[in-house]
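Student: Kindly generate the corresponding structure for this input.
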Amino acid sequence: MPDLRASGLTFKRVQRLSFREQPVVQMVYLPEQGEPVALCVTRDAGPDEKPRARRIGELSTVAWRQGELGYLLLGKAPAQALMDLGSRIARGHTNSLYGRAARSPAGNAA
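Tutor: So this is what the prediction gives:
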């Protein structure tokens with residue numbers, strides 16, 4: 001779960017949804033002012049694809065595929081702002097909101 005505070009977005013909730021009988025994880029972030037931004041993730045076994053922007057009605061979207069997962073970032077934010085954010089997430093240039101517990105060599109939590 002990416003930490004997007006450096007981009008002015010605060011994590012608010014995560015929920016499990018379904019689309020075409022496929023599970024989808026939706027993470028919702030809010031800016032200080034303005035509309036929410038959602039990052040949706042689902043299984044997608046297709047080949048990796050770089051982020052690509054698209055407009056759907058009032059929503060700007062950025063979609064990409066990486067490591068058998070499909071990502072969709074969407075919101076009413078300007079298209080270029082979402083493209084920049086989606087590219088940063090896809091390149092791994094965001095911190096994780098929640099870290100993993102450190103493990104000792106024996107596999108036990110430190």
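Student: all contacts plus neighbour counts: C-alpha atoms, from now on.
Tutor: Noted.
Student: contacting residues for the residue nearest the centre of the chain?
Tutor: The chain has residue 39 as the residue nearest its centroid, 3.7 Å off, counting by Cα atoms, centre = their mean. Contacts for residue 39 (Cα atoms under 8 Å, 6 or more residues apart in numbering) come out as 26, 27, 28, 71, 72, 73, 74.
Student: could you dump those residues to a markdown table with secondary structure, pLDDT and distance to residue 34?
Tutor: Listed next are the contacts of residue 39 as a markdown table, based on DSSP: H, G, I helix; E, B strand; the rest coil; pLDDT from 0 to 100; distance: Cα to Cα, whole Å:
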| residue | secondary structure | pLDDT | distance to residue 34 |
| --- | --- | --- | --- |
| 26 | strand | 97 | 19 |
| 27 | strand | 96 | 17 |
| 28 | strand | 97 | 13 |
| 71 | strand | 97 | 22 |
| 72 | strand | 96 | 19 |
| 73 | strand | 97 | 16 |
| 74 | strand | 96 | 13 |
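Student: Run through the bridge partners of the residue nearest to the centre of the chain.
Tutor: Beta-bridge partners for residue 39, by DSSP bridges, are residue 27, residue 73.
Student: partners of the helix or strand of the chain with the lowest mean pLDDT, with directions?
Tutor: Least confident helix or strand, the chain: strand 95-96 with a mean of 79, by mean pLDDT, DSSP states H and E. Strand pairing for strand 95-96, using DSSP bridges, gives strand 2-3 (antiparallel).
Student: strand partners of the helix or strand following the strand it pairs with, parallel vs antiparallel please.
Tutor: With elements assigned by DSSP states H and E, the helix or strand that comes after strand 2-3 is strand 9-19. The pairing partners recorded for strand 9-19 under DSSP bridges are strand 22-31 (antiparallel).
Student: Burial check on residue 56, number of neighbours?
Tutor: Using other Cα atoms under 10 Å, residue 56 has 9 neighbouring residues.
Student: that older thread, got TSV for the contacts of residue 39, with neighbour count and distance to residue 58 too?
Tutor: Shown next, in TSV, are these (neighbours: other Cα atoms under 10 Å; distance: Cα to Cα, whole Å):
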residue	neighbour count	distance to residue 58
26	20	19
27	19	19
28	20	17
71	24	19
72	19	15
73	25	14
74	25	10
